[in-house]
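this is a predicted model, with the sequence first.
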Amino acid sequence: MDKIHHYHSDDVNPFSWSTPTREYMAHVLEQLPSLEEVLQRQSRPPVCLYNYYIVLRDRLRMETLLDFWLDVQQAQVLHRRYMKQQQKKKRPPHSNQQNYRLTRQPSSPTSSTVLSSPKESTSPYNTATSATTMATASSTIQPPPSSPAPSSLASEPEMLTHMLLMHAQRMKPSATKRMTTTTMESQSTTTTSTSALPHLLHQPSQMDMIDAVERIYLRYIVPHAEKELHALPTTLRDQITRAFADKSQVLDDPKVFEPAKRYVHILLESTFTLFIRYKVFMNLTLPQQIARLAGGLLALLIAFSLEFSLIFLNIMPWSKRLWGILPFSFAIYCLCSSITGLDPLWVLVFNVSETTTCKFNPIKQAKVRQILRKRSLFLLFIMIVLLVLVMVLFSAVPGHRL
């Protein structure tokens with residue numbers, strides 16, 4: 001939380017050319033996907049749910065908030081399916097069959113005979129034939145089965161996020177990589193993704209709902225839990241604890257976590273600006289920035305050593321000093337990309353953004369691609385200007401042998 005308040009403070013940032021201001025961030029946020037669109041997986045990389053989880057985990061150490069929100073969201077989706085199933089069980093079976101017959105369109109001579117007008121069935125022969133046909137049609141036409149098809153989960157994308165973010169350790173590495181690509185980057189392969197989740201295809205029972213609610217409580221709420229929510233206020237924690245301590249009621253509805261979910265959503269909104277800063281204005285991870293800082297300083301040391309050696313040894317001809325352009329170019333490129341968190345060549349040439357160390361996502365969001373390209377061109381201009389100034393300075397110094 002201290003890191004969030006630090007970045008949201010009103011202090012002027014000395015690196016204003018590399019870090020956007022709050023006013024500019026507010027203007028950009030209006031043109032980018034919102035937090036709700038990211039949570040519902042309606043955005044494209046690099047501003048997507050997968051990268052949001054990576055930023056919360058690697059930079060902010062707050063991935064537990066997103067885990068809790070997604071778990072409660074999935075439990076609520078399962079509870080809605082459970083309530084629909086209970087309503088279907090309470091409905092009389094003949095009403096379903098009658099509604100199915102009324103909505104079925106005639107597509108055969110049998111069905112056209114059943115729906116024939118009274119004028120065509122006035123004779124005894126037609127009456128008997130109609131009765132016989134009605135009995136045959138009623139025995140052949142059956143209501144559709146109530147079991148859900150795998151494609152029915154396409155309208156509930158929240159149920160698939162748990163597969164990526166919560167069950168990654170239970171799957172093989174190859175399956176994890178395939179599910180990551182399928183669930184977070186493509187909406188058209190939902191059926192393929194759900195084939196790896198047979199436990200989500202059956203209709204949930206009351207015991208399933210009780211287990212889901214208790215699992216959330218034991219994982220996030222109890223003291224010293226696996227992923228305890230330390231940011232949750234004591235009042236909300238005590239309210240949930242009292243609800244579970246009451247043995248007179250059966251907790252099969254995740255609405256007991258609704259106040260905590262709303263509070264966690266507020267915290268996620270406070271981190272969303274940082275996520276936009278890291279993924280819209282930058283395309284490097286923190287380890288990559290540190291590595292480039294170390295490499296840039298080392299290359300800068302080599303460049304200064306080379307140039308000062310050529311000057312104080314008075315090496316002739318003068319053109320040999322131009323060899324210093326190689327270490328200076330590498331040093332300036334690494335240092336500038338480390339400070340700004342932006343690699344211009346990765347954006348302009350390869351159109352990629354780094355998710356984890358040496359793992360990349362293509363930049364598919366149009367607005368993000370436009371912003372990164374403008375910043376990359378500006379950063380390249382700054383690098384070229386610095387390189388020219390340094391080389392002119394060392395080339396203009398007269399040689400003097402010590």
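Yep, it's here. All values derive from a computational prediction rather than experimental measurement. Numbers count the residues shown, from 1 in each chain.

strands of the chain, start to end?
Assigned by DSSP state E, the chain shows strands spanning 352-354, 360-362.

restricting to C-alpha, output stretch 328-336 in PDB.
The C-alpha trace of stretch 328-336 is given here as PDB (Å, rounded to 0.1, in the frame of the first residue of the first chain):
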ATOM      1  CA  PHE A 328      29.200   4.500 -25.900                       C
ATOM      2  CA  SER A 329      26.300   3.400 -28.100                       C
ATOM      3  CA  PHE A 330      25.700   0.200 -26.100                       C
ATOM      4  CA  ALA A 331      26.000   2.100 -22.800                       C
ATOM      5  CA  ILE A 332      23.700   4.900 -23.700                       C
ATOM      6  CA  TYR A 333      21.100   2.500 -25.200                       C
ATOM      7  CA  CYS A 334      21.100   0.200 -22.100                       C
ATOM      8  CA  LEU A 335      21.000   3.100 -19.600                       C
ATOM      9  CA  CYS A 336      18.200   5.000 -21.300                       C
END
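
which one, of the strands of the chain, ends up nearest to Leu218?
For those, the distance to Leu218 is smallest for strand 360-362, at 34.1 Å, taking CB to CB. Placement of C-beta: from N, CA and C, glycine included.

which other residues reach stretch 353-367?
Where contact means CB atoms under 8 Å, 6 or more residues apart in numbering, the residues beyond stretch 353-367 that reach it are 28, 31-33, 43-48, 50-51, 54, 58, 279, 283-285, 287-288, 346-347, 350-352, 369, 372.

OK, contacts around the nearest residue to Leu335 once chain neighbours are set aside?
Closest residue to Leu335 apart from its sequence neighbours, by CB to CB, 6 or more residues apart in numbering: Gly296 at 3.8 Å. For Gly296, the contacting residues are Phe330, Ala331, Ile332, Tyr333, Cys334, Leu335, Ser338, by CB under 8 Å, 6+ apart.

wait, which of those residues is closest to His265?
Ser338 (33.9 Å).

how about the closest one, what does it touch?
Per CB under 8 Å, 6+ apart, neighbours of Ser338: Leu284, Gln289, Ile290, Arg292, Leu293, Gly296.

let's see 10 Å
Neighbour list for Ser338: Leu284, Gln288, Gln289, Ile290, Ala291, Arg292, Leu293, Ala294, Gly295, Gly296, Leu297 [criterion: CB atoms under 10 Å, 6 or more residues apart in numbering].

could I have the buried ones of those residues as PyMOL selection syntax?
To isolate the buried subset of the contacts of Ser338 in PyMOL, counting by 16 or more other CB atoms under 10 Å, use the following:
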select buried, resi 284+288+289+292+295+296
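
dump the contacts of Ser338 to a markdown table, plus pLDDT and distance to Pro204.
Shown next, in a markdown table, are these (pLDDT from 0 to 100; distance: CB to CB, whole Å):
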| residue | pLDDT | distance to Pro204 |
| --- | --- | --- |
| Leu284 | 96 | 43 |
| Gln288 | 96 | 43 |
| Gln289 | 96 | 45 |
| Ile290 | 96 | 46 |
| Ala291 | 96 | 47 |
| Arg292 | 97 | 49 |
| Leu293 | 97 | 51 |
| Ala294 | 97 | 52 |
| Gly295 | 97 | 53 |
| Gly296 | 97 | 55 |
| Leu297 | 97 | 57 |
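
want to throw the contacts of Ser338 into CSV with distance to Ile311?
Below are those laid out as CSV (distance: CB to CB, whole Å):
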residue, distance to Ile311
Leu284, 35
Gln288, 34
Gln289, 32
Ile290, 32
Ala291, 31
Arg292, 28
Leu293, 27
Ala294, 27
Gly295, 25
Gly296, 22
Leu297, 21
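
re the thing from before, which of the contacts of stretch 353-367 are buried, as a PyMOL select command?
In PyMOL, a selection of the buried entries from the contacts of stretch 353-367 looks like this (16+ other CB under 10 Å):
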select buried, resi 28+32+33+43+44+45+46+47+48+50+51+54+58+279+283+284+285+288+346+347+352+369+372
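
now, the contacts of stretch 353-367 that are in helices?
Among the contacts of stretch 353-367, the members falling in helices (DSSP state H) are Val28, Tyr50, Asn51, Ile54, Lys279, Pro287, Gln288, Arg369, Leu372.

where does the stretch 201-350 of the chain dip in pLDDT?
201-202 (pLDDT under 70).

do that again at 90, thanks
201-206, 208, 245-253, 310-322 (pLDDT under 90).

also the stretch 1-150 of the chain?
Residues of the stretch 1-150 of the chain that meet the cut-off, pLDDT under 90, sit at 1-31, 82, 85-150.

ok, now with 70
Looking at the stretch 1-150 of the chain by pLDDT under 70, you get 1-22, 24-25, 92-150.

that older thread, from Ile384, how far off is the residue nearest to Leu335?
Distance of Gly296 to Ile384, given as CB to CB, to the nearest Å: 16 Å.

likewise for Leu60?
Distance from Leu60 to Ile384, by CB to CB: 34 Å.

those two: which is more packed in?
Leu60 (17 against 12; other CB atoms under 10 Å).

pretty sure that one contacts Thr271?
Yes: proximity of Leu60 to Thr271 meets the contact threshold set by CB atoms under 10 Å, at 6.0 Å.

how about the nearest residue to Glu63, chain neighbours excluded?
Glu63 sits nearest to Arg57 (CB to CB, 6+ apart), 3.9 Å away.

ugh, wrong one, I meant Gly341
Met282 (3.4 Å).

may I see the buried residues of stretch 348-358?
Neighbour-count burial for stretch 348-358 [16+ other CB under 10 Å]: Val352, Ser353, Glu354, Thr355.

need the distance between the two termini of it.
18 Å (CA to CA, to the nearest Å).

before we move on, the earlier item: of the buried residues of stretch 348-358, closest to Gly399?
Among the buried residues of stretch 348-358, and counting by CB to CB, the member closest to Gly399 is Glu354, at 43.3 Å.

so what sits opposite that closest one in the bridge?
As for beta bridges, Glu354 partners with Phe360 under DSSP bridges.

now it: how far from Arg292?
In terms of CB to CB, Glu354 sits 11 Å off from Arg292.

what's the answer for Ser395, then?
27 Å.

what do you get for Ser34?
32 Å.

one more: Leu342?
On the measure of CB to CB, Leu342 and Arg292 end up 11 Å apart.
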